[in-house]
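>>> quick one: sequence plus predicted model below, questions after.
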Amino acid sequence: MEFSIQPNLKNEKATLIPLEEDDFEVLYHAASDPLIWAQHPNKTRYQKEVFKNYFKGAIESGGAFLIKDTATGAIAGSTRFYDYDHSQNLILIGYTFYAREYWGTGMNAEVKKTMLNYIFQYVDHVLFHIGAGNVRSQMAITRLGAKKIDEINVAYYGEPPAINFVYQISKINWSV
């Protein structure tokens, strides 16, 4: 089945638009806070040269989004669909970050719900790779009903491998 992994998506809190090359500076501005990356496997993504690699991977993925605050238009962060596997009928959601002013606001839950509602029209399973030390993201994804199914080494785009927990949400169990 043909579908886009980079559609325009919107809810009351967030507007997801396809990430473009011209978005680098505004997204880097949102990402340049070291505390955003403190629990991520690559803790130096707040540095401009390191963030350039993250951004390049986002553009090349063909599934990355710029997340804007629907009410204000401010840049809230980024996320993406990636690694669609036709044979397993699954896709991953990840590489997500938010500027700190959006932490604890429900923005992440609403973004994930919108992405899941969209993508479950086309796939049966969604996986999430979450760094072993990223407790904040682990708690957030379990609140959406994801189950931890594995622990693996993941080499994020252009970065060294790191232990990640694999979480899964299946279409059959999705009820939001």
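Alright, I've got the coordinates.
>>> which residues in the chain form helices?
24-31, 48-61, 107-119, 135-143 (DSSP state H).
>>> so which bits of the shortest one are buried?
Pointing back at helix 24-31 there. The neighbour-count check on helix 24-31 (16 or more other CB atoms under 10 Å) flags Phe24, Leu27, Tyr28, Ala30, Ala31 as buried. Backbone N, C-alpha and C define where each C-beta goes, glycine included.
>>> so, low pLDDT: which residues of the protein?
Within the chain, the ranges that satisfy pLDDT under 70 run 1, 176.
>>> will you turn the helices of the chain into JSON lines that also has distance to Ser78?
JSON lines is the format used below for those (distance: least, CB to CB, whole Å):
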{"stretch": "helix 24-31", "distance to Ser78": "6"}
{"stretch": "helix 48-61", "distance to Ser78": "6"}
{"stretch": "helix 107-119", "distance to Ser78": "10"}
{"stretch": "helix 135-143", "distance to Ser78": "14"}
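>>> ok, which pair from the buried residues of helix 24-31 is furthest apart?
Phe24 and Ala30 (11.1 Å; CB to CB).
>>> and the buried residues of helix 24-31 as JSON lines, adding distance to Trp174?
Putting those into JSON lines (distance: CB to CB, whole Å) gives the following:
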{"residue": "Phe24", "distance to Trp174": "33"}
{"residue": "Leu27", "distance to Trp174": "29"}
{"residue": "Tyr28", "distance to Trp174": "33"}
{"residue": "Ala30", "distance to Trp174": "29"}
{"residue": "Ala31", "distance to Trp174": "29"}
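>>> so which of the residues you listed comes closest to His40?
Closest to His40, out of all of those and judged by CB to CB, is Ala31, at 10.8 Å.
>>> wait, isn't that closest one in contact with Phe51?
Yes. Under the criterion of CB atoms under 8 Å, Ala31 makes contact with Phe51 at 5.6 Å.
>>> mind listing the shared neighbours of the two?
Listed as contacting both Ala31 and Phe51 by CB atoms under 8 Å, 6 or more residues apart in numbering are Arg45.
>>> give me the neighbour count for Ile17.
15 (other CB atoms under 10 Å).
>>> give the contact list for Leu19.
Counting by CB under 8 Å, 6+ apart, Leu19 makes contact with Gln6, Leu27, Ala58, Ile59, Ala64, Phe65, Leu66, Ser78, Arg80.
>>> just the buried ones among these, please.
Buried members of the contacts of Leu19, counted by 16+ other CB under 10 Å: Gln6, Leu27, Ala58, Ala64, Phe65, Leu66, Ser78, Arg80.
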